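Colleague: Next one to model:
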Amino acid sequence: MSATVRYEEITCRSAMNRVSGMPFRWSLNPYRGCVHGCHYCFARRFHAYLDLNAGDDFTSIIFVKTNVGRVLREELSLRSWRREMVSVGTATDPYQPIEGKYRLTRTCLEAFADWSSPMTLVTKGTMVVRDVDVLAELSRRTECTVCFSIITTDPQLARTLEPGTPPPAKRFDALRRLADAGVNAGVLLAPVLPGITDDKANIESVVRAASDSGARFLSATMLNLKPGTKEHYLEFVESKYPHLTADYGRLFQRAYAPAWLQTDMRRRVAQVTAGFGMAGRPNRAGRETAEPQQLGLSMA
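Modeller: As a prediction, this is how the structure comes out:
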């Protein structure tokens, strides 16, 4: 992750973007690029569309859509808007630190609440507790789900894999705050990283912490590596986990891991969640910041 960050203010013509191949038709991202620096983040590759790289540029050049809240209100007010589900934070975390200055995510949440329009949100950021008031109000008016992306409870491992994120324990604390306020909040153990976070002990620790924090759902999905993200992540593996380099070369000859590996992961996670009694908890809209096949909408 770069030591210096440049924020570039831009304006957007549309706040909500139509998507396909996902369990929701609309996405919204107040920012582009992310200082959280998760080495596995699938959105890294999108910076290439701007002639930027998926490495340091993704974490050091952040685009800020300063007018996103106003444009969203205009779109929600249209007679043609049918209050479909909108997924917030599909490509970049809506609660990275700069949100404290710009408050764009809060502005968008207030718009959704005013128009009683349903939304889901995914984050690794603990700043979400700042907005517990509007999230609780939104939950009373319509469907509102907050998904905390947590792939390990080990703070040192988290620091290696996602150097700019708050410690896992603080994310679980934030989850508890939202759950206590009546918000449908849960955990995305996603992506699961072969050889790094897929062991039984790590899975059990995440599920246990999720259960103890009042998570209403837990969903898990396997890593995928598409061009852009793949090159960055494999370079990271070679640097930090050189003993896994050959294994990743075999497993990810294509973007997605072999079906047998994904099935085995889902089976193991399902066994653990059942053991903690989470299988019966509601899971209305859990998802990851993901692309098709990365999404986990049911108990994994």
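
Colleague: which SS class is the closest residue to residue 125 other than its chain neighbours?
Modeller: Leaving aside its sequence neighbours, residue 125 sits nearest to residue 95 (C-beta to C-beta, 6 or more residues apart in numbering; 2.8 Å). Every residue, glycine included, has its C-beta placed from N, CA and C. Taking DSSP: H, G, I helix; E, B strand; the rest coil as the rule, one finds residue 95 in the coil state.

Colleague: cool, residue 172 as well?
Modeller: Going by three-state DSSP: residue 172 is helix.

Colleague: One more: residue 156?
Modeller: helix.

Colleague: Helices along the stretch 51-200 of the chain, start to end?
Modeller: Secondary structure of the stretch 51-200 of the chain (DSSP state H, counting those that start in this stretch): helices located at 56-60, 68-76, 99-102, 104-114, 132-141, 155-161, 168-180, 200-212.

Colleague: any chance of those helices in TSV, plus distance to residue 8?
Modeller: Below are these laid out as TSV (distance: least, C-beta to C-beta, whole Å):
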stretch	distance to residue 8
helix 56-60	11
helix 68-76	14
helix 99-102	12
helix 104-114	14
helix 132-141	27
helix 155-161	27
helix 168-180	28
helix 200-212	35
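
Colleague: so can I have a markdown table of the ones you listed showing mean neighbour count, mean pLDDT and distance to residue 267?
Modeller: Converted to a markdown table, the helices of the stretch 51-200 of the chain look like this (neighbours: other C-beta atoms under 10 Å; pLDDT from 0 to 100; distance: least, C-beta to C-beta, whole Å):
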| stretch | mean neighbour count | mean pLDDT | distance to residue 267 |
| --- | --- | --- | --- |
| helix 56-60 | 21 | 91 | 33 |
| helix 68-76 | 19 | 98 | 40 |
| helix 99-102 | 15 | 98 | 37 |
| helix 104-114 | 22 | 98 | 36 |
| helix 132-141 | 18 | 98 | 32 |
| helix 155-161 | 15 | 98 | 23 |
| helix 168-180 | 20 | 98 | 24 |
| helix 200-212 | 18 | 97 | 11 |
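
Colleague: give me the low-pLDDT residue ranges for this structure?
Modeller: For the chain, the stretches flagged by pLDDT under 70 are 1-3, 48-49, 279-300.

Colleague: Check which residues of the longest helix seen in it are buried.
Modeller: If you go by DSSP state H, the chain has its longest helix at helix 259-275. By 16 or more other C-beta atoms under 10 Å, the buried positions in helix 259-275 come out as 261-262, 265-266, 268-270, 272-273.

Colleague: The spatially closest residue to residue 39 that is not a sequence neighbour: which element?
Modeller: Spatial nearest neighbour of residue 39, excluding adjacent residues (C-beta to C-beta, 6+ apart): residue 236 at 4.4 Å. In this structure, residue 236 sits in helix 229-240 according to DSSP states H and E.

Colleague: Check the offset of that helix from the chain's centre.
Modeller: Chain-centre distance of helix 229-240: 20 Å, with C-alpha atoms, centre = their mean, to the nearest Å.

Colleague: sorry, back to before: touching, the residue nearest to residue 125 and residue 105? I think so.
Modeller: Yes. Counting by C-beta atoms under 8 Å, residue 95 touches residue 105, with 6.3 Å between them.

Colleague: Pairing partners for the longest strand along the chain, with directions?
Modeller: Determined from DSSP state E, the single longest strand within the chain is strand 184-192. With DSSP bridges as the test, strand 184-192 is paired with strand 144-149 (parallel), strand 218-222 (parallel).

Colleague: now that strand against helix 132-141, angle please.
Modeller: Per axes from the mean of the first three to the mean of the last three C-alpha atoms, to 10 degrees, the angle that strand 184-192 makes with helix 132-141 is 100 degrees.

Colleague: what's the angle from strand 184-192 to helix 259-275?
Modeller: Orientation note: strand 184-192 sits at an angle of 150 degrees relative to helix 259-275 (the same axes, to 10 degrees).

Colleague: what's the spacing between residue 278 and residue 215?
Modeller: Taking C-beta to C-beta, to the nearest Å as the measure, residue 278 falls 7 Å from residue 215.

Colleague: These two: which has the busier surroundings?
Modeller: Between residue 278 and residue 215, counted using other C-beta atoms under 10 Å, the more crowded position is residue 215 (28 against 22).

Colleague: List the contacts of the residue nearest to residue 125.
Modeller: 89, 105, 123-128 (C-beta atoms under 8 Å, 6 or more residues apart in numbering).

Colleague: Those into a markdown table, with extra columns for distance to residue 72?
Modeller: A markdown table is the format used below for the contacts of residue 95 (distance: C-beta to C-beta, whole Å):
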| residue | distance to residue 72 |
| --- | --- |
| 89 | 14 |
| 105 | 11 |
| 123 | 18 |
| 124 | 23 |
| 125 | 20 |
| 126 | 24 |
| 127 | 19 |
| 128 | 18 |
